[in-house]
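Novice: below are the sequence and a predicted model for it; my questions follow.
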Amino acid sequence: MTPKLTWSGLLWVSIIYGLLTVLLMQFHGYQINFGEWYDQREQRHSRLVNNEGDTPWAFRIIVPMAAEQMRNELAASDLLTRAQAREFSYLLLRFGFTVGFLLLFHIYLTRWVSPAWAMVGGMWMIALQGLSYINYWYQPASALDLLLWLAAVELTLRRQDRWLIPLLIVGTLNRETAIFMIALHAGARYGDEPLADLASRCQVLVGFWAAVYLGLRTYIHPVGTANRPVIKHIQDNLNGEWLGYAFFFVSPMMVMPTLSPRKVPAVLWRIALALVPYLLLVLVFGRVREVRLLLPLAIPFIPASLILLRDQLEPDAQGG
């Protein structure tokens, strides 16, 4: 009989993930929040909450606005300066998003493997989290983005589609790439219902995404732009050092599924294929050295890797 996740097990998992996330937040604080870009973070934050930011950051409002509200509350206690309160607010929000992701990821992994193997996947994800805290100095949207993308997949697999709309609205207020939550939904659901029904639902979701996306661009007027020519992004992303770090960041979770594709559940491959347009977007408009952008690959590939590892290391547990 395959072991199931119990409430007591979930409690202990939560405690361990929580404590390890505190460690991650200490590292993030040292590396990012209170690092060499400390003063520039105040400038970026202040411009965003006053609707004076550059595109595209100006439209990614939900986390900076929440951090500003928390900052005011923390600063009112007189225990912290306003600058310190700002960064502790960002860290508290990141802590919540990260713990939420790890717990949901653990539950999601138990669809494919036992809770013990799911813990292996959770630890793998913790390692990747720490390794992703480089080559940026102000990206508060990423942690919430990752949580929402995973939630979209899990809700889809549970067939709780009614929650996708509020999830998508929050995601779009956080980052315009929330549209890929719709692609993940389509990938996870394709083949499990009539294509017409899936297409109709995706059209509705795109409509909600577009309404929020266009609404933000109607009411927020950036004062500058951070956009660079596409060719410049591509040239930078062909840098051998950047590609090397990105390759070794993702290759451990991709090598076994790539070599044994037929042993991977089809739904995980469909989820992976849904991420291809996103990866192309990263190549054209992002920076591959910012490997935080590659963390969504863990959603299909870590469970796939765990299945294959389990079958190699515990042959009697196949199918568990």
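Specialist: Nice, thanks for sending it over. Numbering: from 1, shown residues only.

Novice: tell me which element the closest residue to Asn33 other than its chain neighbours is part of?
Specialist: Nearest residue to Asn33, sequence neighbours excluded (CB to CB, 6 or more residues apart in numbering): Glu87, at 4.1 Å. Where C-beta positions appear, they are placed from N, C-alpha and C, glycine not excepted. Glu87 belongs to helix 82-109 when assigned by DSSP states H and E.

Novice: in that helix, what's buried?
Specialist: For helix 82-109, the neighbour count (16 or more other CB atoms under 10 Å) marks 83, 85-91, 93-95, 97-103, 105-109 as buried.

Novice: one more: stretch 33-49?
Specialist: Residues Asn33, Phe34, Arg41, Arg44, His45, Arg47, Leu48, Val49 are the ones in stretch 33-49 that count as buried (16+ other CB under 10 Å).

Novice: surely the second one and Glu87 touch.
Specialist: Yes: between Phe34 and Glu87 there is a contact at 6.1 Å, judged by CB atoms under 8 Å.

Novice: the residue nearest to Asn33 contacts His28, doesn't it?
Specialist: No: counting by CB under 8 Å, Glu87 stays clear of His28, with 10.0 Å between them.

Novice: which secondary structure elements does the one helix or strand Ala188 maps to sit against?
Specialist: For Ala188, the host element (DSSP H and E) is helix 180-189. Here helix 180-189 touches helix 141-157, helix 164-174, helix 195-219, helix 266-274, helix 276-285, going by 3 or more CB pairs under 8 Å, 6 or more residues apart in numbering; DSSP states H and E.

Novice: let's have these in CSV, adding distance to Ile126 and mean neighbour count.
Specialist: Below are the helices and strands packed on helix 180-189 laid out as CSV (distance: least, CB to CB, whole Å; neighbours: other CB atoms under 10 Å):
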stretch, distance to Ile126, mean neighbour count
helix 141-157, 13, 22
helix 164-174, 22, 20
helix 195-219, 31, 14
helix 266-274, 21, 19
helix 276-285, 23, 14
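
Novice: quick one, which of those helices gets closest to Ala246.
Specialist: Ranking those by their distance to Ala246 (criterion: CB to CB) puts helix 276-285 first, at 9.3 Å.

Novice: CA atoms of the closest one as PDB?
Specialist: The C-alpha trace of helix 276-285 is given here as PDB (Å, rounded to 0.1, in the frame of the first residue of the first chain):
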ATOM      1  CA  VAL A 276       8.100  26.400 -23.800                       C
ATOM      2  CA  PRO A 277       6.600  29.800 -24.800                       C
ATOM      3  CA  TYR A 278       7.600  31.200 -21.400                       C
ATOM      4  CA  LEU A 279      11.200  30.000 -21.800                       C
ATOM      5  CA  LEU A 280      11.300  31.600 -25.200                       C
ATOM      6  CA  LEU A 281      10.100  34.800 -23.600                       C
ATOM      7  CA  VAL A 282      12.900  34.600 -21.000                       C
ATOM      8  CA  LEU A 283      15.400  34.100 -23.900                       C
ATOM      9  CA  VAL A 284      14.100  37.200 -25.800                       C
ATOM     10  CA  PHE A 285      13.300  39.600 -23.000                       C
END
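
Novice: against which helices or strands is the helix or strand following it packed?
Specialist: Counting by DSSP H and E, the element after helix 276-285 in chain order, helix or strand, is helix 298-313. Counting contacts by 3+ CB pairs under 8 Å, 6+ apart, helix 298-313 is packed against helix 82-109, helix 115-131, helix 141-157, helix 240-259, helix 266-274.

Novice: dead centre of the chain: give me the residue that sits there.
Specialist: Leu146 (1.4 Å; CA atoms, centre = their mean).

Novice: ok, it - contacts?
Specialist: Residues near Leu146 by CB atoms under 8 Å, 6 or more residues apart in numbering: Phe97, Phe101, Leu295, Pro296.

Novice: and which of those residues is nearest Ser132?
Specialist: Leu295 (6.1 Å).

Novice: correct me, but that closest one touches Gly130?
Specialist: No: the criterion here is CB under 8 Å, and Leu295 misses it with Gly130 at 11.6 Å.

Novice: give me the residues contacting the helix holding Ala188.
Specialist: 148-149, 152-153, 156-157, 161, 164, 167-168, 171, 198, 201-202, 205-206, 209, 267, 270-275, 277-278, 296, 299.

Novice: also stretch 283-293?
Specialist: 131-136, 139, 142, 227, 230, 233-234, 236-237, 239, 241-243, 245-246, 249-250, 282, 294.

Novice: mind doing that once more with 7 Å?
Specialist: 131-132, 135-136, 139, 142, 230, 233-234, 236-237, 242-243, 245-246, 249, 282 (CB atoms under 7 Å, 6 or more residues apart in numbering).
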